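J.: No sequence on hand, only this structure:
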DNA sequence: CGTATGACGAGCC
DNA sequence: AGGCTCGCCATAC
């Protein structure tokens, strides 16, 4: 497991984000054990297979957005782009403004907070 | 083995 | 307030 690729760990963390909620790259990185690895999270999601499925498990990459509460622009969009991600999120109940912004205060997943 | 890249983030101008 | 630069980390080449 020590040899486990960072990507796999990241994907696993992303899988924890519940439907109807979103998480930031930095948040995922932190939960994966990479305090300053937000960019690495983006790299990992970029490396996801087309069907977004790993080991038979669907990775909800669309629930990961940047710290500004906006959907990251991969410049062109190989998978359909920002519009597609926004559509999926809305389908899950997340309000996405026309310019792709999301209210973090309302939809950000707080799963990293240890419930007392 | 060194350089370049990128779905980020925080700080500075 | 808005935009630009620098820093971080794990891959790709």
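T.: Done, it's in. Everything numeric here is computed off the predicted structure, so don't read it as measured data. Numbering: from 1, shown residues only, chains lettered A, B, ... in the order given.

J.: so what's the most centrally placed residue in chain A bridging to?
T.: Centroid-nearest residue in chain A: residue A:64, 2.0 Å away (criterion: Cα atoms, centre = their mean). With DSSP bridges as the criterion, residue A:64 is bridged to residue A:23.

J.: With residue A:57 instead?
T.: Per DSSP bridges, the residues bridged to residue A:57 are residue A:54.

J.: pretty sure it is touching residue A:15, no?
T.: Yes: assessed by Cβ atoms under 8 Å, residue A:57 is found in contact with residue A:15 at 6.2 Å. To be clear about C-beta, it is placed using only N, CA and C from the backbone, and glycine gets the same treatment.

J.: Mind checking which of the two has more residues around it?
T.: The neighbour count for residue A:57 versus residue A:15, taken as other Cβ atoms under 10 Å, is higher for residue A:15 (14 against 11).

J.: close enough to count as contact, that one and residue A:61?
T.: No: contact criterion Cβ under 8 Å: residue A:15 and residue A:61 do not qualify, at 9.7 Å.

J.: Any residues of chain A in contact with DNA strand C? List them.
T.: A:5, A:6, A:7, A:34, A:36, A:37, A:38, A:39, A:40, A:43, A:47 (Cβ under 7 Å from any atom of the strand).

J.: Could I get the residues you listed in CSV, plus columns for secondary structure?
T.: Putting the residues of chain A next to DNA strand C into CSV (DSSP: H, G, I helix; E, B strand; the rest coil) gives the following:
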residue, secondary structure
A:5, coil
A:6, helix
A:7, helix
A:34, coil
A:36, coil
A:37, coil
A:38, helix
A:39, helix
A:40, helix
A:43, helix
A:47, coil
